[in-house]
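1. sharing a model prediction with you, sequence too.
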Amino acid sequence: MLPKERIIFIIGPTAVGKSEIAVSLAKKLSGEIISLDSMQIYKNMDIITSKPTHGQMKSVPHHIISVLALAKEYNVSQYRKTDLKKVMVILKKGRKTSLEKVKAILRKGKIPIFAGGTGLYMSVLIDGIFKEKAQNKIIRSKLYKISQKQGSNYLYKKLKKVDPQAAFKIHPNDIRRIIRALEVFKITGKPISALQRQRQGLKDKYEIKVFCLNMKRDKLYQRIDQRVERMFKQGLICEVKRLLKKRLSRTASCAIGIKELKGYFLGQYDLAEAKRLIQRNSRHYAKRQLTWFRKDKRIDWVNLSGNDKPIKIAKRLWKKLC
RNA sequence: GCCGAGGUAGCUCAGUGGUAGAGCGCGGCCCUGAAAAGGCCGGCGUGGGGGGUCCGAUUCCCUCCCUCGGCA
């Protein structure tokens, strides 16, 4: 029996240097990169989401980047569907190219490499998500209106009756999750806490390897600040100005940089303040990402100094894979 | 050199004779269909140095050091 095919994840906080290292590793392993990112999926958000460069995209195939219109909504479940397909395609491609070299392909042939920083997306890929179709905008907006009128505690009490387990897990102020849980119950008639136990993900079929890149906090923050500076030099202001003229989906409009620059355009503060806010919010984001990753015990942590050559790191990862 | 103001958390500052708070910053955590989102928790401090009064000083007094403003 052949060993399970391998899938690699390269994750890490924002600005840690994932893209470069993923490209280097992909070259070394002859892999293809699949974005693990909720924002790079959108077209026309290039600078603001720090997409890989044209050179990088040319040297190694990248997937699920710049494929969705700004007005389109997007979420985890969509991501999972797309990605599973992509994974299969890539794996098949690898096998087709040289049937007689199956062994070699499995060892160093086309390998899918997920690269990005969206922890939830990774979790849902690896561990799965429940299958029931349970999304209804009307129900959701109704619940939202109720919460506005009666307060979140009213809905929280309702949830307690319907799904005490979920209520136990969710904080009374976390209105988004309260609404989601009630929405799922209304649609399916089943408590979300029960559904959430039914998961099936990549880990059941493939060998998963997760590398999380990290570096000292102050160094990371320095890199974040520098990157934001660079984004401004590359034309962030123009890009966001253009974005604000278009209709943005809720997800797209959440990219860090949009609301911060909007405040500047509206004259609420100056450009320096807008930059400060983008930098700070990116730091907070990085911190939350690390919290998320830390609890995943499957992760193989890779500490960087901040000045490492991507090729060297890729070599290090490659050795760990052997 | 003289006069005035001030030295309290990483920063900006409040307050009190019974060893301290606020905002921002920062740290920790949660997360299953908005996740670059959303929610929760935490003061993280030799109160400029030294001496005195007092049962007790960050608070009152003296002195030294430092910073800022004004006059020379």
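-> Sure, I can see it.
2. and residue A:63, what are its phi and psi?
-> Backbone torsions for residue A:63, taken as degrees, to the nearest 10, come to phi -120, psi 150.
3. run a quick neighbour tally on it.
-> 18 (other C-beta atoms under 10 Å). Bear in mind the C-beta positions are built from the backbone N, C-alpha and C, glycine included.
4. now residue A:282
-> Residue A:282: 22 neighbours (other C-beta under 10 Å).
5. what separation is there between the spatially closest residue to residue A:118 that is not a sequence neighbour and residue A:289?
-> Distance criterion C-beta to C-beta, 6 or more residues apart in numbering; nearest residue to residue A:118, sequence neighbours excluded, is residue A:38 at 4.8 Å. Taking C-beta to C-beta, to the nearest Å as the measure, residue A:38 falls 12 Å from residue A:289.
6. check contacts around residue A:318.
-> Shown in contact with residue A:318 (C-beta atoms under 8 Å, 6 or more residues apart in numbering): A:25, A:28-29.
7. turn those residues into a markdown table, including pLDDT.
-> Shown next, in a markdown table, are the contacts of residue A:318 (pLDDT from 0 to 100):
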| residue | pLDDT |
| --- | --- |
| A:25 | 95 |
| A:28 | 89 |
| A:29 | 85 |
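8. which one of the residues you listed is nearest RNA strand B?
-> The shortest approach to RNA strand B among these belongs to residue A:25, at 20.2 Å (C-beta to the nearest atom of the strand).
9. which strand or helix spans the closest one?
-> Here residue A:25, judged by DSSP states H and E, is contained in helix A:18-29.
10. what pLDDT does the residue nearest to residue A:118 get?
-> Residue A:38 carries a pLDDT value of 94.
11. pretty sure it is touching residue A:121, no?
-> Yes. Counting by C-beta atoms under 8 Å, residue A:38 touches residue A:121, with 6.5 Å between them.
12. overlap in contacts, the two.
-> Shared contacts of residue A:38 and residue A:121, counting by C-beta under 8 Å, 6+ apart, come down to residue A:79.
13. measure the nearest residue to residue A:239 once chain neighbours are set aside to residue A:275 for me?
-> Residue nearest to residue A:239 in three dimensions, not counting chain neighbours: residue A:47, with 4.9 Å by C-beta to C-beta, 6+ apart. If you measure residue A:47 against residue A:275 using C-beta to C-beta, the figure is 14 Å.
14. buried ones in stretch A:309-316?
-> Within stretch A:309-316, the residues that count as buried by 16 or more other C-beta atoms under 10 Å are A:310, A:313-314, A:316.
15. for the stretch 101-250 of chain A, which segments count as strands?
-> Assigned by DSSP state E, counting those that start in this stretch, the strands in the stretch 101-250 of chain A fall at A:111-116, A:207-215.
16. what packs against the last one?
-> With contacts defined as 3 or more C-beta pairs under 8 Å, 6 or more residues apart in numbering; DSSP states H and E, the secondary structure elements packing on strand A:207-215 are strand A:6-11, helix A:119-127, strand A:300-304, helix A:310-321.
17. can you list the buried residues of stretch A:309-316 in a markdown table and add distance to RNA strand B and pLDDT?
-> Shown next, in a markdown table, are these (distance: C-beta to the nearest atom of the strand, whole Å; pLDDT from 0 to 100):
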| residue | distance to RNA strand B | pLDDT |
| --- | --- | --- |
| A:310 | 19 | 92 |
| A:313 | 21 | 95 |
| A:314 | 22 | 94 |
| A:316 | 24 | 93 |
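18. touching RNA strand B at all, stretch A:275-283?
-> Yes. Applying C-beta under 7 Å from any atom of the strand, one finds stretch A:275-283 touching RNA strand B at A:280-281, A:283.
19. who wins on neighbours among these?
-> residue A:283 (19 neighbours).
20. nearest spatial neighbour of residue A:249, skipping sequence neighbours?
-> residue A:73 (4.6 Å).
21. that neighbour contacts residue A:248, doesn't it?
-> No. Using C-beta under 8 Å, residue A:73 makes no contact with residue A:248, being 10.2 Å away.
22. of these two, who's got more company?
-> residue A:248 (19 against 11).
23. go ahead and confirm the more buried one touches residue A:68.
-> No. Counting by C-beta under 8 Å, residue A:248 sits too far from residue A:68 to count as a contact (11.6 Å).
24. rewinding a little: and the residue nearest to residue A:118, how far is that from RNA strand B?
-> The spacing between residue A:38 and RNA strand B, counted by C-beta to the nearest atom of the strand, to the nearest Å, is 3 Å.
25. would that residue count as being in a helix?
-> No. According to DSSP: H, G, I helix; E, B strand; the rest coil, residue A:38 belongs to no helix; its state is coil.
26. ok, residue A:211 - contacts?
-> A:8-11, A:299-302, A:317, A:320.
27. got these as JSON lines, with neighbour count columns?
-> Output for the contacts of residue A:211, formatted as JSON lines (neighbours: other C-beta atoms under 10 Å):
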{"residue": "A:8", "neighbour count": "22"}
{"residue": "A:9", "neighbour count": "24"}
{"residue": "A:10", "neighbour count": "29"}
{"residue": "A:11", "neighbour count": "26"}
{"residue": "A:299", "neighbour count": "18"}
{"residue": "A:300", "neighbour count": "12"}
{"residue": "A:301", "neighbour count": "12"}
{"residue": "A:302", "neighbour count": "19"}
{"residue": "A:317", "neighbour count": "23"}
{"residue": "A:320", "neighbour count": "11"}
